[in-house]
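Asks: here are the coordinates; sequence isn't available:
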């Protein structure tokens, strides 16, 4: 492939983002949808909710990936020499725990210690650390912009295409591979026999995907702005491809059309609350009676909940421990999205295929 064409394809996600941003308002007006977005809530969830926990995950990834002498060994050596640091760290933990739960206090304390440690390691290197912080903020902001556009257009497609749905077609395809059964039947059979501990673990694993992506973004962007934007661009390319597929073949997931969902689904799972909100959101969008856009994510085919961790695996592949850890995690997700009735069986390989296409477009350059 000629270098010019290769570079054009690699940067195509910028064009896609710009076009989606320019066409959003005309599309919203055409469907008589509200122009209001809960930007404040989205920003708080992204920067305050996901940000600190993603940084905590990134610290864990670095400890697993790098020699202990370069991470905890160096850190602990510094604090042993300057014991007053330990006192300040404990005081910070206690102070935060006075207003927030212990788990969050531990996460925030770990984040603070990590930031201080990184700043001190690069002391005397000019603006190196400051540039790395700017790189992280730029990459994370671009991710927020792109995902916000995806959520807006996801709503636009639901409002224009629902109840036109290809869910029945996916059910029929699944039946060929599942011995005449479908995901709903398998899910409810699993609910009846599996202990709550296993179901809760899969439920937790499902929502941790966002933190895995956040940690990968932080590590990539801290390496360089170019690498951070490359990771974000690969994720957004996968999202934009999923939007195109969703517009052509809208599918909403098995739980949307499950007649037994309200009566038999385990209500102790966080998934239940999100799926109930999803059902209400789709109904409101289809009847054009929503007050805000970007209300939820409704794309079943393809499953990017499996595809995006594949992208993270690729970007973290130089560290074998992380690669195989994420491979195992992705395998768990592939089971969880089906048992928890989020996706059809066909959605999983489709999500991996979309991730592979996005990586071929944007993410092939090594670290």
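Replies: Yep, that arrived. This is a predicted model, so every value here is computed, not measured.
Asks: so how many other residues sit close to residue 224?
Replies: For residue 224, the neighbour count with other C-beta atoms under 10 Å is 15. Where C-beta positions appear, they are placed from N, C-alpha and C, glycine not excepted.
Asks: Could you do residue 292 as well?
Replies: Neighbours around residue 292, by other C-beta under 10 Å: 15.
Asks: Quick check: it vs residue 160, distance?
Replies: Counting by C-beta to C-beta, to the nearest Å, the separation of residue 292 from residue 160 is 18 Å.
Asks: Equivalent analysis for residue 251, please.
Replies: 15 Å.
Asks: Compare the two and say which is more crowded by neighbours.
Replies: Using other C-beta under 10 Å, the more surrounded residue of residue 251 and residue 160 is residue 251, with 25 against 17.
Asks: pLDDT score for the more buried one?
Replies: What the model reports for residue 251 is a pLDDT of 94.
Asks: Surely it is in contact with residue 302?
Replies: No: using C-beta atoms under 8 Å, residue 251 is not in contact with residue 302; the gap is 9.4 Å.
Asks: and for the two, which residues touch both?
Replies: residue 347 (C-beta atoms under 8 Å, 6 or more residues apart in numbering).
Asks: need the helix or strand of the chain with the lowest average pLDDT.
Replies: Here the helix or strand of the chain ranked lowest by mean pLDDT, DSSP states H and E is helix 3-10, holding a mean of 77.
Asks: Need the residues that contact the helix or strand just after it.
Replies: Downstream of helix 3-10, the next assigned helix or strand under DSSP states H and E is helix 12-30. Outside helix 12-30, the residues that touch it by C-beta under 8 Å, 6+ apart are 34-35, 142, 145-146, 149, 152-153, 156, 233-234, 236-237, 240, 293, 361-362.
Asks: just how off-centre is helix 12-30 within its chain?
Replies: In terms of C-alpha atoms, centre = their mean, to the nearest Å, the centre of helix 12-30 is set 22 Å apart from its chain centre.
Asks: how about it: buried residues?
Replies: 13, 16, 17, 20, 24, 27, 28 (16 or more other C-beta atoms under 10 Å).
Asks: repeat for stretch 127-142
Replies: For stretch 127-142, by 16+ other C-beta under 10 Å, it's 129, 132, 133, 135, 136, 139, 140, 142.
Asks: Just give the number of residues close to the nearest residue to the second one once chain neighbours are set aside.
Replies: To tie it back to what came earlier, the one meant is residue 132. Spatial nearest neighbour of residue 132, excluding adjacent residues (C-beta to C-beta, 6 or more residues apart in numbering): residue 222 at 5.2 Å. Number of residues near residue 222 (other C-beta under 10 Å) recorded here: 19.
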